[in-house]
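Undergrad: structure of the sequence below:
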Amino acid sequence: MSTIRLTTSYPWIAFLLALFPPQMSVDGGPPQKIRWGTGDLQVTPGQHHLVIWVPYLGFWNIGRAEVQVNVAEGQIVAVNYRSPWLVFMPGKVAVTPA
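TA: The predicted model follows:
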C-alpha cells in the first residue's frame with residue numbers, strides 16, 4: 001500500500017469555514033468527509049485523481065480543486081489543499097514528496 005498525506009487548511013479571514021468540513025473524491029468515487037488539518041489516506045500504488053471542495057451552507061460547493069497524484073509502492077506523497085478566502089474563487093492544491 002501507499003499513502004497520500006492530505007493537509008487541508010483555510011485562510012484565517014475565512015474562519016467560518018471551520019464549521020464546514022471539506023470533502024474529497026478519489027478516482028471518481030463517492031464523496032468522503034474529511035477533517036481540517038492533516039490525515040493519511042491509504043491507496044494502491046499508481047496514479048490517482050483527487051477532487052477536494054468545501055460544502056458551504058449545505059448546497060454550495062466552494063474551493064473545488066483537482067490534482068493527479070502518482071504514488072509508488074510504500075511511498076508517502078503529501079498533498080496540501082487550501083480553501084479560498086472568497087467563496088467564488090477556486091481552492092489551491094499542491095503535491096510534494098514527503
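
Undergrad: what stretches of the chain score poorly on pLDDT?
TA: By pLDDT under 70, the low-scoring segments of the chain are 98.

Undergrad: ok, the spatially most distant residue from the centre of the chain to Ala65 distance?
TA: When distances are taken from the C-alpha mean of the chain, Glu73 lies farthest, 21.2 Å away, according to Cα atoms, centre = their mean. Distance check for Glu73 against Ala65: by Cβ to Cβ, to the nearest Å, it reads 26 Å. Backbone N, C-alpha and C define where each C-beta goes, glycine included.

Undergrad: returning to that earlier point: need the three-state assignment for the residue farthest from the centre of the chain.
TA: Classification of Glu73 by DSSP: H, G, I helix; E, B strand; the rest coil places it in coil.

Undergrad: what sits against the residue most central in space within the chain?
TA: The structure's the chain has its C-alpha centroid closest to Ile52; by Cα atoms, centre = their mean the separation is 4.2 Å. In this structure, Ile52 makes contact with 6, 8, 22-24, 63-66, 81, 91, 93, judged by Cβ atoms under 8 Å, 6 or more residues apart in numbering.

Undergrad: can you give me the strands for the chain?
TA: Assigned strands in the chain, in chain order: 2-9, 23-26, 32-33, 37-43, 46-56, 60-71, 76-82, 92-97 (criterion: DSSP state E).

Undergrad: want to throw the ones you listed into TSV with distance to Phe15?
TA: Output for the strands of the chain, formatted as TSV (distance: least, Cβ to Cβ, whole Å):
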stretch	distance to Phe15
strand 2-9	12
strand 23-26	19
strand 32-33	20
strand 37-43	15
strand 46-56	13
strand 60-71	15
strand 76-82	14
strand 92-97	18
